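1. Show me the folded form of this:
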Amino acid sequence: DLGVDQAQAMDRGGPDLTASTDSSPDDLLARDRGYQDMACQPESDAQFCSRNQAECDELEAKDNCGKARKVTCGSCNAPLTCGGGGTANVCGFANGNWATQIVDSQGHVGRNVALALDNNDVAHVAYQDTTSTVALKHALLQGGTWTTAALDSGPLAAEYLDIAVTPAGAVHIAARRGGQPTLWTRGAPWSAETIHTFGGRHVALTVDSTGKLHLCHGDSRGELLLYSVEGRSGWSTETIRGKALSGQPLGAYCDLAVDASGGVHVSYENSNWQRLGYAFKPSGGSWKNEDAAKAPQGKVGSYTSITLDSAGKPLISYFRLVDKTIALARRGTSAASWSSEIVDSTGIIAAHTSLALDSAGAPHLSYFDSTLGAVRYAVKQGSAWSKETVAVVGSGTGGFNDLAVDSGGKAHLVFYNAIAKRLEYATQK
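-> Presented below is the predicted three-dimensional model:
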C-alpha cells in the first residue's frame, strides 16, 4: 500500500518516497538518494578521523556514506607538530634530517622490534603485535609500501626476537615460542623449527659470510648464557657461561657477531658482577669470558649491541645504570685492553642500544632517552660524537628500537611509538 509506505517513511523522518506516474529522472534520482541516506548511518567525526588515521589539523575526505566531509581532527602536544614526522594529519617530531613513515598502525604494534637490510638495502622488520592476542609479525618495504604478515600468536609470542638476512637473501626470524627459541624462515608460507628445547630469553640472531646462522640466548631461569649454531644435521647448543651467584640472572641483553675466520663474539650483561660481559670462541676453540666494562660501584652492561671493525675487533654499545649514560666499549689486543667512552651523558634513563658501522668504520648508534621520551641517534665523525633526536615517542615505553646502516652509509631506524601505539621507520635524507 503506497499510502502506508509514505506514512512509514514520514514517521521515520525520511523523505517522501512516493512517485507519480509522471516522475521525472531527477525525481527518481532524488528518491534513490533518499533510499541510500536511509540505509547508511553516518560515522561520527571521531570515527571519521580514526578511520583515516588522522590525528590533527583539518581533514577533507569522503565519509563512510560516500559524502564529502571536512573535519578538524585535533591538535598535537609540543614538541610534536602536525605532519612533523612526514605524514599529513599525523603528530610527529619535525627533524629535517630524517624521513619517517608508518610501518604498521593497525592496533597496538611495535613492542619488541628488530631490523635487517638485505644486499639490495631492502628493509625487513620483525616485531610484536599486542592488539588482541600477542603475535609475531614481519614487515617488508618494497616500492615505498609496507606489507605485513603474521607468523605466530600465543602468550609468549615475540617476547624476544631478532631478524637476519643471509647473503643469498633468505630471511630468518628468531623468536621465543612457548618458552623455546624458534627459527622462522620466510617462504610461502613461513616455516618454523625449534632451535632448542629451552632457552628462549633475550635471543639475538646473526648470519656469517657463508650464510650459517648463529644465536645467543638465555635459559628460562636466567642461569645460563647459551649459544646455538646451525649445522648440516640441525642445531647444536652449548653453554657460554653459567650462573655464579644465587639470585642474579646471567646473559640478559646478549648480542653476537661472527668474524671472517669464523670466530664468534658475544656481548651480554653479567649481572653476577654488575658488569658488561664479553665472550669469544675462535673457530674450533673453546669459550673465553672477559669483563669488557665495570664500575667501582654500581651496575653497567645493560642493553648491549656488538659489532666488529675491519680488523675483527669488537665494539659494544651499552647502558651504564651507575651514572645513567650511554657508552661504547672497544677491545684492544688483549683482555686487559678494553676501553670505554661516553656517548651521551644527559642524565638519561636509557634502553635498547643498537650499534652498526658504516663502510668507513664510523660507529652509528641508536638508543632511547626516557627523560625526553625520544629515540636518539649518534654517529662518531672523527673524534667527536654528533647526536640528535629522531622521534619523540613517549617516556617510560621501554624504548624499543633497532638500527641498520645501508651500503651508502645512511642510517635506518625502526622504533615503537608509544604515543600512537604504532611501529615507525625513519631513514636519513
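
2. How about residue 325: which residues does it bridge to?
-> With DSSP bridges as the criterion, the beta-bridge partners of residue 325 are residue 320.

3. One more: residue 268?
-> Residue 268 has the following beta-bridge partners by DSSP bridges: residue 277.

4. what's the distance between it and residue 52?
-> When CB to CB, to the nearest Å is applied, the distance between residue 268 and residue 52 equals 45 Å. (Each C-beta comes from the backbone N, C-alpha and C, glycine too.)

5. go on, residue 102?
-> Separation of residue 102 from residue 52 (CB to CB): 13 Å.

6. same deal with residue 74?
-> With distances defined as CB to CB, the gap from residue 74 to residue 52 amounts to 12 Å.

7. mind checking which helix or strand the residue sitting nearest the centre point of the chain is in?
-> Computing the C-alpha centroid of the chain and ranking residues by CA atoms, centre = their mean puts residue 113 first, at 2.7 Å. With elements delineated by DSSP states H and E, residue 113 resides in strand 109-117, which encompasses its position.

8. Strand 109-117 and the next helix or strand after that strand, what's the angle between them?
-> Downstream of strand 109-117, the next assigned helix or strand under DSSP H and E is strand 123-129. Between the axis of strand 123-129 and that of strand 109-117 there is an angle of 160 degrees, by axes from the mean of the first three to the mean of the last three CA atoms, to 10 degrees.

9. Which elements pack onto the helix or strand following strand 123-129?
-> Sequence-wise, the next helix or strand downstream of strand 123-129 (DSSP H and E) is strand 135-142. Packed against strand 135-142, as judged by 3 or more CB pairs under 8 Å, 6 or more residues apart in numbering; DSSP states H and E, are the following elements: strand 98-104, strand 123-129, strand 145-153, strand 171-177.

10. Now tell me what touches strand 135-142 from outside.
-> Contacts to strand 135-142, defined as CB atoms under 8 Å, 6 or more residues apart in numbering, come from residues 103-104, 109, 122-129, 146-153, 157-158, 161, 163, 171, 173, 175, 177, 184, 186, 190, 423, 425.

11. where along the protein do the helices fall?
-> 2-11, 25-39, 45-51 (DSSP state H).

12. residue ranges with poor pLDDT in the stretch 251-400 of the chain?
-> 347, 396-397 (pLDDT under 70).

13. Tell me, how many residues neighbour residue 44?
-> Other residues within reach of residue 44 by the criterion other CB atoms under 10 Å amount to 10.

14. Got the phi and psi for it?
-> Residue 44 adopts backbone torsions of phi -70, psi 170, taken as degrees, to the nearest 10.

15. What separation do you get for it and residue 52?
-> Between residue 44 and residue 52 the distance, using CB to CB, works out to 13 Å.

16. Over to residue 77?
-> Counting by CB to CB, the separation of residue 77 from residue 52 is 21 Å.

17. show me where pLDDT drops low in the stretch 101-250 of the chain?
-> Within the stretch 101-250 of the chain, the ranges that satisfy pLDDT under 70 run 244-249.

18. before we move on, back to that, kindly reformat the helices and strands packed on strand 135-142 as JSON lines containing distance to residue 227 and mean neighbour count.
-> As requested, the helices and strands packed on strand 135-142 are arranged in JSON lines below (distance: least, CB to CB, whole Å; neighbours: other CB atoms under 10 Å):
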{"stretch": "strand 98-104", "distance to residue 227": "31", "mean neighbour count": "19"}
{"stretch": "strand 123-129", "distance to residue 227": "20", "mean neighbour count": "24"}
{"stretch": "strand 145-153", "distance to residue 227": "23", "mean neighbour count": "15"}
{"stretch": "strand 171-177", "distance to residue 227": "13", "mean neighbour count": "25"}
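
19. Turn those into TSV, including distance to residue 68.
-> Rendered in TSV, the data for the helices and strands packed on strand 135-142 read as follows (distance: least, CB to CB, whole Å):
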stretch	distance to residue 68
strand 98-104	25
strand 123-129	34
strand 145-153	27
strand 171-177	43
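
20. Please name whichever of those strands is nearest to residue 65.
-> In terms of CB to CB, the element of these nearest to residue 65 is strand 98-104, at 26.4 Å.

21. what about stretch 45-57, distance to the chain center?
-> When distances are taken as CA atoms, centre = their mean, to the nearest Å, stretch 45-57 is centred 25 Å away from the chain's centroid.

22. Give the buried residues for it.
-> Within stretch 45-57, the residues scored as buried using 16 or more other CB atoms under 10 Å are 48-49, 53-57.

23. Looking at these, spot the one nearest residue 213.
-> Nearest to residue 213, judged by CB to CB, of the buried residues of stretch 45-57 is residue 53 at 36.8 Å.

24. didn't that closest one look like it was pressed against residue 105?
-> Yes. The pair formed by residue 53 and residue 105 meets the contact definition of CB atoms under 8 Å, at 6.2 Å.
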